[in-house]
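Q: missing the sequence, but the structure's below:
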């Protein structure tokens, strides 16, 4: 989002962090450089910077007296509306807790059977001078964002769901060891205790879609009218759909599982062979339907959403059962039929994601805007993603389907 480098994010600050990590006050940072790590619209809830520098000295795990490093700094964004919403929703507190405390434990659990890890290494976090965290730069290990604006293909989706199943299975094992450490993550994206500013933003996103669909002759006028009415209750209905139920099969959900929050590693033939998760601001303990419906509503290419839905879900389910078995989990996993029923009961959540999150993903690079830029002087919101041709093509198929299922009725 932001492009101006914070004045405090300098060589001196990075050197202080590095010395704490290395437990060595002789290590020095030279040739410090910082730049924005994302373009406008790639990350709506943070300002993200890449800092690169030379390390002079002999840090641990290095045989050289001089080495190069690259870190990522993730910082509370500027802009009154966005900042207020993020602070009140405690998104940064959630992410810092996840990366500093929970993910290392989950990595250790899965490490008993598989050497893969889920996320970048947390290096530092603080609330001063503004809440932020610093982590390793996964680009140095070859991980990269898939740039497709048409949704992920089958190969990427299968890998993403296998990795998600590994995360969920490992979180079940962690919950069996220490339920309180995962049960404390309660909010996610939609929750009754989130601030009014977040409710207002997502409501306005839905209204923006309603206004835009009124211009689409492919749809009956009644659908636009239903979306406008639905916008008034969208937040409440989505929060109800993902509400924690104690008698469910529950996991620790990523909460924002979409292509923008996946970094892929490729082999020489450009086949995806691994991925890491980024952005743990909306993690929540609850049904795996939360992540699965979010993923289905936001990430696959539409032909997969239409024709390969069961294949994708079965790949997730097969991996979940396999990893839970290898980890010797005592919790009984759901059958595929039970998982499918859970998804069906919460289907409105996928509708909400398709209506308010998918346009933020499919917006063209040239039209990307920050949240503050989307806000209009009259208090309305103009989401450029709702005007994107790719999004229009997807939604002119999905909206009549959702309508036939009664999901647009408010």
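A: All right, it came through fine. Everything numeric in this text was worked out from a predicted model, so none of it was measured.
Q: going forward, measure contacts between C-alpha atoms and count neighbours the same way
A: Will do.
Q: quick one: low-confidence ranges for the chain?
A: Using pLDDT under 70 as the threshold, the predicted model of the chain has low-confidence ranges 1-3, 39-43, 58-66, 79-81.
Q: what values do phi and psi take at the residue nearest the centre of it?
A: Nearest to the centroid of the C-alpha atoms of the chain, with distances taken as C-alpha atoms, centre = their mean, sits residue 256, at 3.0 Å. Phi and psi for residue 256, reported as degrees, to the nearest 10, are phi -140, psi 50.
Q: do the same with residue 30
A: Dihedral angles phi and psi of residue 30 (degrees, to the nearest 10) take the values phi -130, psi 160.
Q: residues contacting it?
A: For residue 30, the residues meeting the contact criterion (C-alpha atoms under 8 Å, 6 or more residues apart in numbering) are 11, 53-56.
Q: next step: those residues restricted to helices.
A: For the contacts of residue 30, the ones inside helices are residue 11, with DSSP state H as the criterion.
Q: helices or strands next to the longest helix seen in the chain in the packing?
A: Among all segments of the chain classified by DSSP H, the helix with the greatest residue count is helix 154-177. With contacts defined as 3 or more C-alpha pairs under 8 Å, 6 or more residues apart in numbering; DSSP states H and E, helix 154-177 has these neighbours: helix 103-110, helix 179-183, strand 251-253, strand 272-277, helix 309-326.
Q: most packed of those?
A: Across the helices and strands packed on helix 154-177, the average number of neighbours (mean count of other C-alpha atoms under 10 Å) peaks for strand 251-253, which reaches a mean of 26.
Q: who does that strand pair up with?
A: Strand 251-253 has the following sheet partners, assigned by DSSP bridges: strand 284-286 (antiparallel).
Q: who's in contact with the partner strand?
A: For strand 284-286, the external contacting residues (C-alpha under 8 Å, 6+ apart) are 182-188, 242-245, 248-255.
Q: quick check: PyMOL command selecting the buried ones in the residues you listed.
A: Applied in PyMOL, the following selects the buried portion of the contacts of strand 284-286 according to 16 or more other C-alpha atoms under 10 Å:
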select buried, resi 182+183+185+186+187+188+242+243+244+249+250+251+252+253+254+255
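Q: what's residue 10 sitting at in phi/psi?
A: Backbone torsions of residue 10, given as degrees, to the nearest 10, read phi -130, psi -180.
Q: that one - how many residues pack around it?
A: Taking other C-alpha atoms under 10 Å as the neighbour definition, residue 10 ends up with a count of 15.
Q: tell me which element the nearest residue to residue 232 once chain neighbours are set aside is part of?
A: Leaving out its chain neighbours, the residue that sits closest to residue 232 by C-alpha to C-alpha, 6 or more residues apart in numbering is residue 203, at 6.6 Å. Secondary structure here is read from DSSP states H and E; on that basis residue 203 sits in helix 196-213.
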